[in-house]
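>>> got a sequence here, can you build the structure:
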Amino acid sequence: MNSNANTMNHCFTAGAQDLDPQQSPPPPPATTTSTEPYQPQRRLRGFAATNSNSNSTATTTTPIKSRKEREKEKERTKLRERHRRAITSRMLAGLRQYGNFPLPARADMNDVIAALAREAGWTVEPDGTAYRQTSPAPVQPPPISHFNSIQQNISNASNVGANPVLSVESPLYSNAMRNCSVRSSVDCQPSTLRVDENLSPASLDSVVAERDAKLDKYSSVSAIDSPECLEAGQLVQDVHCREHANGLPKASYIPVYVRLATGLINNFCQLMDPEGVKEELQHLRSLNVDGVVVDCWWGIVEAWTPKKYEWAGYREMFNIIREFGMKLQVVMAFHEYGGPDTGGIFISLPQWVLEIGKSNQDIFFTDREGRRNTECLSWGIDKERVLKGRTGIEIYFDFMRSFRTEFDDLFTEGLISAVEVGLGASGELKYPSFSERMGWRYPGIGEFQCYDKYLLQNLQKAAKLRGHSFWARGPDNAGYYNSKPHETGFFCDRGDYDSYYGRFFLHWYTQVLIDHAENVLSLASLAFEDIQIVVKIPAVYWWYKTTSHAAELTAGYYNPSNQDGYALLLEVLKKHAVTMKFVIAGFQAPYQEIDEALSDPEGLNWQVLNSGWDRGVSVAGQNAQPCYNREGFTRLVETAKPRDHPDGRHFSFFVFQQPSPLIQRTICFSELDYFIKRMHGEISN
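Presented below is the predicted three-dimensional model:
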């Protein structure tokens, strides 16, 4: 009985002592008569220990208060982690954008250091072995068994808290050991890289945690992460010097091409003013323009007789361009040129094609009222042998193959850097749905161009295949060229464009556009093997803020507010490794003051450009209207090189559309010089 009382008294005393934060818990008694195992009392810590001397009421509220504090600490930890991830995201974005480093999306420190090494002229093997290219090849590494023994020794040393000793006789390890200690490699921090503070941490899915894990894993066996080491220090310094040798990182350089004026080649394929061309090229070279763009007109080269191509004028022009040492992009122009703002210059389709059109007008695009548009051939004849025994795509292929054969020497020399393939009206991949010759004026919605007999036959097949033959018709409530969306039953909010029939028709209408691009680009890839192919995409930005996007629908882009109308086309461009040249509009347009258009050029630019970049498509740009002031040029630069893009995306090149010669000589030369320097990265603002 006394023994039990003593035991209970002892436990009570121990429990009381356990509540005192200044005392340590007593050891278990040496002997006890209790049959139960001894359970030491858990010592209170933290806020619970601090409040242990308070009254019973305060004691009951202590867990609640400590829980709140723990939650606050968790939030502070999350903020610190987000801050670290934001810094890493900026560093990686800066390396991608301004250093042109091909870092993967989930890059770690090994990827960064390997990219730095390669940029500095080093060779980095897949196993991590690094050496200078001028140095002899590294010796073979020791056998695997040697590495295993070293790793075992390191593990044993780590377990007892000792510093590991490396004896790996590879060049990377031996150089590292000669220039820094193992302790410094473990204790020092990774090298700090200078980044642009204007970059915003748009993505917090960085790899700080993975990087830290890998750094902790390899810090005990490699000195490569130490800034005191010869390798890491030299890598960062060499890359820094190389990137900033001209004051700017390499990735900020965007080549600028200038389109030469139309009309230099007459309708008989003769160069009209060779001296004028030389004067223009001399001036462009003084501005450090990278190259020029020249339109090769189908209506001039194959003007009179099928399969008889005349290239003499272009040969003379290209020879002059070669003398000035400038790059050249050529445009396979399969469309008509001319209008009220072209200075009286008119280039039609080939005369023999127009002769066929007199007896068969359905080779041209046709609107709902039956009016024919001769700007380009209808896509309905892409596979119809109605052009002297040839189909539409065979016509395009023969023309491109003739050009490739005629100027093989220029391709071999590398003078021709890219070939742009015209795929529709104005050389852009679009239906001629808003043609001024048909009376269209901005901001009209345009009209569908699918009423030639070949496209109607295609529509009938599609409707029959769908099981609704009565859908083989165009919409009868889509308005006219200059209508507004809310004035029509098809394009208004909750209009027929979103009905079952409307969705079927619009899917078919845009699929014809995509099929045309697929057919022509497949043959262009054969004609221009290993040559960069470019396709120009229009900027139809008016009525972009409406739900239907009526102007885009009539142009062939099924891009209402509830879906991406450019995704399928971009997949085709990616399939053929084609560069998308997007027309940047809205910065200098006289239409901006018309509020009723509900236009949004910036929104359209954002959608199309990022949609292309997200799918891995090379993106280039061209201004829609000539620029006359610095504000317009600045906005073009900001579009071409978005500062806050998390992956550092930018245009692969830019084509500048020149204003009229009079304005060019009086206003635009100084501004154009500023623009080119901004695109080349010579000035930052």
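>>> hey, let's count contacts and neighbours off CA atoms from now on
OK.
>>> once you drop chain neighbours, what's closest to Thr374?
For Thr374, ignoring the flanking residues on the chain, the nearest one in space by Cα to Cα, 6 or more residues apart in numbering is Phe364 at 5.8 Å.
>>> tally up the residues packed near the one you found, please.
Neighbour count of Phe364, defined by other Cα atoms under 10 Å: 26.
>>> just confirm it contacts Ser378, I think it does.
Yes - assessed by Cα atoms under 8 Å, Phe364 is found in contact with Ser378 at 4.7 Å.
>>> quick check: neighbours shared by these two?
Residues within reach of Phe364 and of Ser378 at once, by Cα atoms under 8 Å, 6 or more residues apart in numbering, are Asp452.
>>> just to revisit the earlier point, for the residue nearest to Thr374, what are its contacts?
Going by Cα under 8 Å, 6+ apart, Phe364 touches Gly357, Arg372, Asn373, Thr374, Cys376, Leu377, Ser378, Asp452.
>>> surely the first one is in a helix?
Yes - if the criterion is DSSP: H, G, I helix; E, B strand; the rest coil, then Gly357 is within a helix.
>>> residues in contact with it?
Ile363, Phe364.
>>> would you mind measuring from it to Trp606?
40 Å (Cα to Cα, to the nearest Å).
>>> repeat for the third one
Asn373 sits 32 Å away from Trp606 when distances are taken as Cα to Cα.
>>> all helices of the stretch 251-400 of the chain, in order?
Using DSSP state H, counting those that start in this stretch, the helices assigned to the stretch 251-400 of the chain run over residues 274-286, 298-301, 312-323, 351-359, 392-406.
>>> mean confidence for the shortest one?
Taken as a whole, helix 298-301 has a mean pLDDT of 96.
>>> contact partners of that helix?
The contact list for helix 298-301, computed with Cα under 8 Å, 6+ apart, reads 266-269, 308-311, 332-336, 347-351, 399.
>>> may I have that helix as CSV, with CA atoms only?
Extracted in CSV, the C-alpha atoms of helix 298-301 (Å, rounded to 0.1, in the frame of the first residue of the first chain):
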residue,chain,number,x,y,z
TRP,A,298,2.7,34.8,-111.2
GLY,A,299,0.9,37.1,-113.5
ILE,A,300,4.2,38.5,-114.9
VAL,A,301,6.4,35.3,-115.0
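>>> hang on, the earlier thing: need the winner for burial among the helices of the stretch 251-400 of the chain.
Neighbour counts (mean count of other Cα atoms under 10 Å) averaged over each of these peak at helix 298-301, with a mean of 23.
>>> among the contacts of Phe364, name the ones in strands.
Counting by DSSP state E, those place Arg372, Asn373, Thr374, Cys376, Leu377 in strands.
>>> and the second one, what does it touch?
By Cα under 8 Å, 6+ apart, the contact set of Asn373 is Phe364, Phe365, Thr366, Pro432.
>>> quick one: Met272 from Gly343, how far?
Distance of Met272 to Gly343, computed by Cα to Cα: 16 Å.
>>> ditto for Lys575
For Lys575 relative to Gly343 (Cα to Cα), the value is 39 Å.
>>> what do you get for Thr547?
Separation of Thr547 from Gly343 (Cα to Cα): 38 Å.
>>> which of these two has more residues huddled nearby?
Thr547 (18 against 11).
>>> could you find the closest non-adjacent residue to Gln553?
For residue 553 the amino acid is Leu, not Gln. In space, and not counting its chain neighbours, Leu553 is closest to Asn559: 6.8 Å by Cα to Cα, 6+ apart.
>>> what sits against that neighbour?
Listed by Cα under 8 Å, 6+ apart, the contact partners of Asn559 are Ser548, His549, Glu552, Leu553, Gly565, Tyr566.
>>> helices of the stretch 401-550 of the chain, residue ranges please.
Going by DSSP H, counting those that start in this stretch, the stretch 401-550 of the chain shows helices at 408-413, 453-466, 500-527, 550-555.
>>> most tightly surrounded among those helices?
Ranked by mean neighbour count, the helices of the stretch 401-550 of the chain are led by helix 550-555 with a mean of 26 (mean count of other Cα under 10 Å).
>>> need the contact list for Thr510.
Gly556, Tyr557, Tyr558.
>>> any chance of those residues in a markdown table, with distance to Arg390 too?
Shown next, in a markdown table, are the contacts of Thr510 (distance: Cα to Cα, whole Å):
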| residue | distance to Arg390 |
| --- | --- |
| Gly556 | 26 |
| Tyr557 | 28 |
| Tyr558 | 31 |
